[in-house]
Each structure stands twice: as C-alpha cells, then as structure tokens.
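Visitor: model this:
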Amino acid sequence: MNIKPLSDHILIEPIKEEEKTKSGIFLPETASKEKSETGKVIAIGPGKKTDDGKIVPLSVKPGDKVLFAKYGPSEIKVEDKEYLIAVESDILAIIE
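Guide: Now for the predicted structure:
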C-alpha cells in the first residue's frame, strides 16, 4: 500500500531505540512505557495552503530523522507496520 499525505501532513516511521541499563542489560521494547519521540520521515504532503491560495512547502523531506512532540502525531497501522501521521507543527527539530 502506498500512502501519500495531504496538505502539511507527514508520514513518520518511529525509531524504536533499545534501552540499555548502566550494567549493559538491554531492556525489551515491552518494558518501555514511553512513546518514541524520534522517527524517519517516509512521505510528506505538498505543503500548507495559505489564505490567498499559495502553497508553502514543508521544512522536512523524506529520509530526514526528526524529533517530534510525544503525543502530537496520530498512530496508524499499515500492513502490520506502525507509522505516525503528524502535521508540520508537531515536528520539533531535524536531527543531523
């Protein structure tokens, strides 16, 4: 299935980071209660339309690693894979 976001929406694949204790023990994903705050941009919409009809392009592009608001994006599941749909204002930073 191919997903094409509309307007200023962004499709993000969350990056699940392994947690490791100080002693070197890796904690399984199920032990973590916090949601991921980083992800990889998979697809973007054309941009936000202004009141006068012009389209303002987005600041991110596919492939960017981003930091986003923890509870901002909506969770979706496509073909047994989890993604997030966010608006550009949910993106806090691009991680370089």
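Visitor: which SS state does S89 fall under?
Guide: helix (DSSP: H, G, I helix; E, B strand; the rest coil).
Visitor: centroid residue for this structure?
Guide: I12 (3.2 Å; CA atoms, centre = their mean).
Visitor: Number of residues surrounding I55?
Guide: I55 has 13 neighbouring residues, counting by other CB atoms under 10 Å. Every residue, glycine included, has its C-beta placed from N, CA and C.
Visitor: What residues does the closest residue to it other than its chain neighbours make contact with?
Guide: In space, and not counting its chain neighbours, I55 is closest to G47: 4.4 Å by CB to CB, 6 or more residues apart in numbering. Shown in contact with G47 (CB atoms under 8 Å, 6 or more residues apart in numbering): S7, D8, I55, V56, P57, L58.
Visitor: hmm, 6 Å instead?
Guide: Counting by CB atoms under 6 Å, 6 or more residues apart in numbering, G47 touches I55, V56, P57, L58.
Visitor: Highest neighbour count among these?
Guide: L58 (21 neighbours).
Visitor: so it touches G45, yeah?
Guide: No. With contact defined as CB atoms under 6 Å, L58 does not count as touching G45 (7.1 Å).
Visitor: now, which of the contacts of G47 sits nearest L67?
Guide: Closest approach between those and L67, by CB to CB: L58, at 15.5 Å.
Visitor: Report back the residue of this protein that's furthest from centre.
Guide: Farthest-out residue of the chain from its mean C-alpha position, per CA atoms, centre = their mean: S23, at 30.8 Å.
Visitor: count of neighbours near the nearest residue to K81 once chain neighbours are set aside?
Guide: Spatial nearest neighbour of K81, chain neighbours left out: E13 (7.7 Å); criterion: CB to CB, 6+ apart. Per other CB under 10 Å, the neighbour tally for E13 reads 15.
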